Each structure stands twice: as C-alpha cells, then as structure tokens.
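>>> Starting from these lines, generate the structure:
(chains A and B)
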Amino acid sequence: MLYSRLFGRPKKEAKKFESISHQLLTQGGFIDQVSSGIFNYLPLGKIVLTKIENIIREEMNNIGAQEVLMPALHPSSLWEKTDRWTSVDVLFKVKSQWGGEYALAPTHEETITPLAKKFIKSYRDLPLALYQITLKYRDEKRPKSGILRGREFGMKDLYSFHHDKKDLENFYQKVIQAYLKIFRRCGLTSVKITEASGGSFTKKFSHEFNVITPSGEVDLIYCDKESCSFAQNEEISQSKTICPRCQNPLKKEKAIEIGNIFDLGTRFSEAFDLKFVDQDGKEKFPIMGCYGIGTTRLMGAIVEVHHDDKGIIWPETVSPYRAIIVGLDLKEKPVRDRVFLVYEKLQNLGVEALLDDREEISPGEKFYDADLIGVPVRMVISQKTKDKIEIKGRTEEKVKLVSLDQLVNHFSFIK
RNA sequence: CGGAGCGUAGUUCAGAUGGUUUAGAACGUGCGCUUUGGGAGCGCAAGGUCGUGGGUUCAAGUCCCACCGCUCCGACCA
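Numbering: from 1, shown residues only, chains lettered A, B, ... in the order given. Just a heads-up that it's a prediction; the model follows:
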C-alpha cells in the first residue's frame, strides 16, 4: 500500500481522550467516532480487525465449530418467547413502519436456538457447534473508552448443543484452550480465567477471560504462581488475600474482560422447545453452551497492552502491515527506483508492506507517523543508505544495515 | 439512571461585567517556492448557522430557559 493513497492517515493532532487505545487508534487513523460508542473503522483499523477475526476463525474451525451468519434484526416475538424483551435493559428496539417491532441483536440465543431446532432431530445430530462474527447492539447507558465499550461492537459468538452435561463440559474445556490460544496469538499473554458470577438466568458455571492492564475496568484478584491459576472477580472474591488453592498471597490488578463463556443449560432449548431423541428413545432438551469474544474490544485491549509514548506497537500477527518502508530523498530518481524495487520485492514475497512514498514530508514527520501506526518493522531507504537498507524493529533503538538479498532471506525465512 | 465538566475554524483555545461593527490566534489543511535522517522556513489561500430552539434587550458568541451532543466519575453490564 502506498502511503500517499492511504485513506485515513495519522494526524499530527487529534482530539484528546482519556483512554489510550481510543486516543492512539483515533490519532493513528484506525477508527473514527460517529457518535458516543459508535465507530467507523478506517482501512488500517479494518485490516487489524480482519486479522483478529481470522485468527479466531482458524481456532474455532480447529475445534469443529462451523461458521454461520445470523441477522441483527430479530422479531420481537423471539425475545418475548424467552422473556427477554422487557428484562434485558440494554436491548435496542426498532419499529417497522409497516408494523411490528424488532430487537437489534445484543446476542443470538434467540435465533440460533430456533435455527438449530430445524435440523437437530436425533442424538446423531449432536454435538453441534455454530459460530459467527457480527456486530452486536447494546443500548449502554454509558459507552466509554472508545472501542472498549460501545453501543455497537464486533463479537464472535459461538453456541454449542450437547446430548448431556458431560459432553458439554468436554467441549467447554476445548473452548477454553482455544480461547487461550487465540489471545496468545493476538499478543495477549497475561490472560486470566475467572470463575464469574454467571448470568442472572443461570446457576450453571461461567468463566471470564481477562487481560491484566492498568486501564482495565474490572478488579481482578489472582494468584500469580505458575502452577496455580486461581483468579476471581473482586465482586465475588469477598476480599480474599490468600490463595485458597496454594496459600500464596493474592494479587489485585485491573483487567479488561475480552471473552466469556456460559453453560446455558436447557434454558433456551426449553424456551423454543428444541428436543432430540436420545439413544434410549426418549425426547430430551439439548444442553447448550455459549461463548463470546469481543473482537473490537480485543483490538482496543491489544493497544492498551502494547504501546509506548510514541504510539502503538502491534504484535506481528495483527499488525495492519508487516513492514513500513520509509522512503527519503525520493526526488532523486535512483533512490526512488530503489525504494520501489524493494517494495515490489516484498510484495512478491507476500510480505504486506506500507510504503511511505510522500515526497514533500520531512524525515522526522515520517518517523513519527511510522511509530504511531506501530507496524513491527521499519525500513529506511535514502541517499545515505546507498545500496543497503536500514532496518529496525518498532521497539528497538538501533538500526541495522542490510543488503537486499539479506532482507529477502530474512522475510523468506520467517515466512 | 445519579453526579460533574464542556460545546466558538480540522485541533487547542481567546473573546465572557451585553456594544471596535467585518468573531480572532496558534497549530493543522490546500497551493507555490525553498527544504530533506526525528514533527523545517517563507508567502498566499480556504476554512464559522459561535451545538439547536426559544426568551430578555435598541443590541446576544456573551444574560435567562429548554433541548441536543460529547467527555469523565458512579451505578448498571443479559
């Protein structure tokens, strides 16, 4: 991508926001606020989001889940059936001009269950796991911190159906492992799993995935001993100070919730009269599980964790580009030709690169922008670098001079 | 939903006890020239329903009322 053609570039000055991710993503040209809690995703932001989504897709497919797409517009009757039309106070409701009321879906139990009912007849149809990645709508009283808490936000939601509780628990554990892998692949290593209080409608189990970061909004109590994984939300921890599992002193930190999983029991299968005939010939309600990851929130959380005073530091896996080429002295034709040669070489290798081809911009300004955008590798080509290419990691201080061959080898190797 | 703050140019803000009449500055933006290794310089230019509506007044960006919007704290978060 040529920088000069990029829509939504970094801004030297931008509106100031309290939340770091809100500030950096806005200034860096990743997102643009439409209204409180509602955002446009610009090309840079959309690429990052897509990369996050694709990591999630891979891991969901790995555990045998199949991707579907369900509507955002839900007839009110579905929500009346589960008694949530009036009890969910964040529900957006819209009226059709021809009559009829609809919910803008904040979650999809109300459509996945009737959908599954059309196909699940026998125990042979189970287990079943379906997921989707869509925008969700919640009429939050107070949206905050940019994309960390919006009224419209991206979410991956997975629903599973099982013939018995044991089968659900089995799958539930697989999802936990898949989630940890997803977060690790997105560059988030300090993710704690907490036993949460669960939904108001279920006495079953429920777990939350929290990233430790000072800008988090929930207080987390956890044990940082390697062998112990104890963690709880402060609201349900009753101010414990010693780990109940290993007697280690507990730590307390702020965290952002980026995922949660629930055992739904038969609440929804009963509400929609979804039954299957089991091996014993009897009709039963499938046990359901639901599993969410906030994709847009995850993007914000990554920035909260990975940044410095110069800008964002994207993990390679979700960075909009793998490298940025800063071309200097571009009015000198030999330099310009060389810059484009390197750019094309990388393109041919399948290395997505952003080429700062702006002629009138001073070197300093280009360096500031490159740091702000936060791609992992920066290359500089100028009169000064002659037949070499200057290369530097986003968090490194020192630059290295390499030849084009070395560069090609480098990227071929790690590819 | 309770509380606080703020709405004047893209951004940050000045103008605030009503009255220099044509609402300013800096930065940013566009164009031209000059410049090119950590946000360069000069020149020119564009850019505003002063959040919206009502009221008071000879006169409102400025005072009063209502509404809307944004940010932050709290509660809430199926």
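
>>> so where's chain A uncertain?
Along chain A, the parts satisfying pLDDT under 70 run over A:197-203, A:227, A:235-238, A:413-415.

>>> can you list the domains in it?
Using automatic domain parsing, the domain ranges for chain A come out as A:3-308, A:323-414.

>>> could I get those as JSON lines with distance to RNA strand B and mean neighbour count?
In this view, the C-beta of every residue, glycine as well, is placed from N, C-alpha and C. Output for those, formatted as JSON lines (distance: least, CB to the nearest atom of the strand, whole Å; neighbours: other CB atoms under 10 Å):
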{"stretch": "domain A:3-308", "distance to RNA strand B": "3", "mean neighbour count": "18"}
{"stretch": "domain A:323-414", "distance to RNA strand B": "2", "mean neighbour count": "17"}
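
>>> looking at these, which is closest to residue A:316?
domain A:323-414 (4.8 Å; CB to CB).

>>> Confirm residue A:366 sits in a helix?
Yes: assignment of residue A:366 by DSSP: H, G, I helix; E, B strand; the rest coil places it within a helix.

>>> What residues does it make contact with?
Residue A:366 is in contact with A:326, A:328, A:356, A:358, counting by CB atoms under 8 Å, 6 or more residues apart in numbering.

>>> Give the other helices and strands that the helix or strand encompassing the first one contacts.
Under the assignment given by DSSP states H and E, the secondary-structure element containing residue A:326 is strand A:323-327. The contact analysis (3 or more CB pairs under 8 Å, 6 or more residues apart in numbering; DSSP states H and E) places strand A:323-327 against helix A:333-349, strand A:353-356, helix A:363-373, strand A:377-381.

>>> Output that strand as PDB, restricted to C-alpha atoms.
In PDB, the C-alpha atoms belonging to strand A:323-327 read as follows (Å, rounded to 0.1, in the frame of the first residue of the first chain):
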ATOM      1  CA  ALA A 323       6.700  -3.700   7.500                       C
ATOM      2  CA  ILE A 324       6.700   0.000   6.700                       C
ATOM      3  CA  ILE A 325       9.200   1.300   4.100                       C
ATOM      4  CA  VAL A 326      10.200   4.900   4.700                       C
ATOM      5  CA  GLY A 327      11.500   6.400   1.500                       C
END
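
>>> Need phi/psi at residue A:231.
The phi/psi pair for residue A:231 (degrees, to the nearest 10) reads phi -160, psi 140.

>>> What of residue A:392?
Main-chain torsions, residue A:392, degrees, to the nearest 10: phi -160, psi 140.

>>> check contacts around the nearest residue to it once chain neighbours are set aside.
Excluding the flanking residues, the one nearest residue A:392 by CB to CB, 6 or more residues apart in numbering is residue A:399, at 4.4 Å. The contact partners of residue A:399, by CB under 8 Å, 6+ apart, come to A:380, A:390, A:391, A:392.

>>> Work out the gap between stretch A:112-129 and the centre of the chain.
Its chain's C-alpha centre and that of stretch A:112-129 lie 28 Å apart, by CA atoms, centre = their mean, to the nearest Å.

>>> Quick check: end-to-end length of that stretch?
Start-to-end span of stretch A:112-129 (CA to CA, to the nearest Å) is 10 Å.

>>> And stretch A:215-224, by the same measure?
19 Å.

>>> Same question for stretch A:103-121.
Stretch A:103-121 end-to-end distance (CA to CA) = 28 Å.

>>> How about stretch A:263-271?
End to end - CA to CA - stretch A:263-271 spans 16 Å.

>>> Show me the contact partners of that stretch.
By CB under 8 Å, 6+ apart, stretch A:263-271 touches A:81-83, A:109-110, A:113, A:161, A:168, A:172, A:201-202, A:204-206, A:274-275, A:285-290.

>>> ok, the top strand by length along chain A: who's next to it in the sheet?
Scanning chain A for the longest strand, with DSSP state E as the assignment, gives strand A:251-265. Here strand A:251-265 is paired, per DSSP bridges, with strand A:206-212 (antiparallel), strand A:218-222 (antiparallel), strand A:287-294 (antiparallel).

>>> Distance from the chain centre to the following helix or strand past it, please.
Sequence-wise, the next helix or strand downstream of strand A:251-265 (DSSP H and E) is helix A:267-271. Distance of helix A:267-271 from the chain centroid (CA atoms, centre = their mean) equals 29 Å.

>>> same deal with stretch A:67-76?
With CA atoms, centre = their mean as the basis, the mean position of stretch A:67-76 lies at 21 Å from the chain mean.
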